[in-house]
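> What follows is a predicted protein model with its sequence.
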Amino acid sequence: MSCFKLSKTLIKDLHRLIVDFWWDSKTGKTIKGSKASFVWRSIIWGREVIERGSRWRIGSGLNIDVIQDRWVPNPPVFKLFDPPPLPEGFTVFDLCLQNGEWDSEFIHLLFGEEEARKILSLPLGSFEHDDVLI
């Protein structure tokens with residue numbers, strides 16, 4: 001077995017190449033890479049399929065974007081069909097009262113009758129619990 005002494009610059013360059021191949025440095029997500037193995041491409045494909053089929057179970061509601069995320073019981077998309085104009089970053093937490101219950105009056109003002117009914121049918125978790133992707 002042989003040992004080689006590599007310069008710090010060469011090690012940094014090699015590390016950067018590896019990171020660029022396996023990870024998207026802008027988003028931190030894995031990418032397929034131009035020379036990715038069949039197994040790796042399959043793993044990435046499977047993860048994408050799971051993400052498309054997943055939705056949020058409400059805990060605190062702080063991590064669930066009302067417009068962007070999949071959380072409303074509207075199969076198969078689990079998103080709002082007719083989203084109201086809301087400010088960016090408006091979360092499910094913003095639809096709740098301080099006592100941890102839905103703000104039904106506010107929800108009825110924002111959403112149509114059918115979507116309001118679906119939202120209010122969702123059980124709310126505890127503010128101490130995180131939102132969970134299921």
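Received it, and whenever you're ready, just let me know what you need.
> For the residue nearest the centre of the chain, give me the backbone phi and psi.
Central residue of the chain (C-alpha atoms, centre = their mean): Asp69, 6.7 Å from the mean position. Asp69 adopts backbone torsions of phi -90, psi 160, taken as degrees, to the nearest 10.
> Can you check what pLDDT the model gives it?
What the model reports for Asp69 is a pLDDT of 88.
> show me what contacts the closest residue to it other than its chain neighbours?
Spatial nearest neighbour of Asp69, excluding adjacent residues (C-beta to C-beta, 6 or more residues apart in numbering): Trp56 at 5.7 Å. (Glycine included, C-beta is placed from N, CA and C.) By C-beta atoms under 8 Å, 6 or more residues apart in numbering, the residues touching Trp56 are 63-64, 69-71, 92, 131-134.
> repeat that with 7 Å
64, 69-71, 131, 133 (C-beta atoms under 7 Å, 6 or more residues apart in numbering).
> so what's Leu122 closest to, chain neighbours aside?
Leaving aside its sequence neighbours, Leu122 sits nearest to Ile58 (C-beta to C-beta, 6+ apart; 6.2 Å).
> Over to Leu110?
In this structure, Leu110 finds its nearest non-sequential neighbour in Pro84, 4.9 Å apart by C-beta to C-beta, 6+ apart.
> how much space between the residue nearest to Leu122 and Leu14?
Per C-beta to C-beta, to the nearest Å, Ile58 is found 44 Å from Leu14.
> Between these two, point out the one with more neighbours.
Taking other C-beta atoms under 10 Å, Ile58 and Leu14 do not tie; Ile58 has more neighbours (22 against 11).
> Test my guess that the more buried one contacts Val92.
Yes - at 5.8 Å, Ile58 and Val92 qualify as touching, with contact defined as C-beta atoms under 7 Å.
> Now list whatever residues contact both of those two.
Common neighbours of Ile58 and Val92 (criterion: C-beta under 7 Å, 6+ apart): 64, 71.
> re earlier: quick one: residues contacting the residue nearest to Leu122.
64, 71, 92, 122, 124-125, 131.
> filter those to the buried ones?
Using 16 or more other C-beta atoms under 10 Å as the burial test, the contacts of Ile58 include 64, 71, 92, 124-125, 131 as buried.
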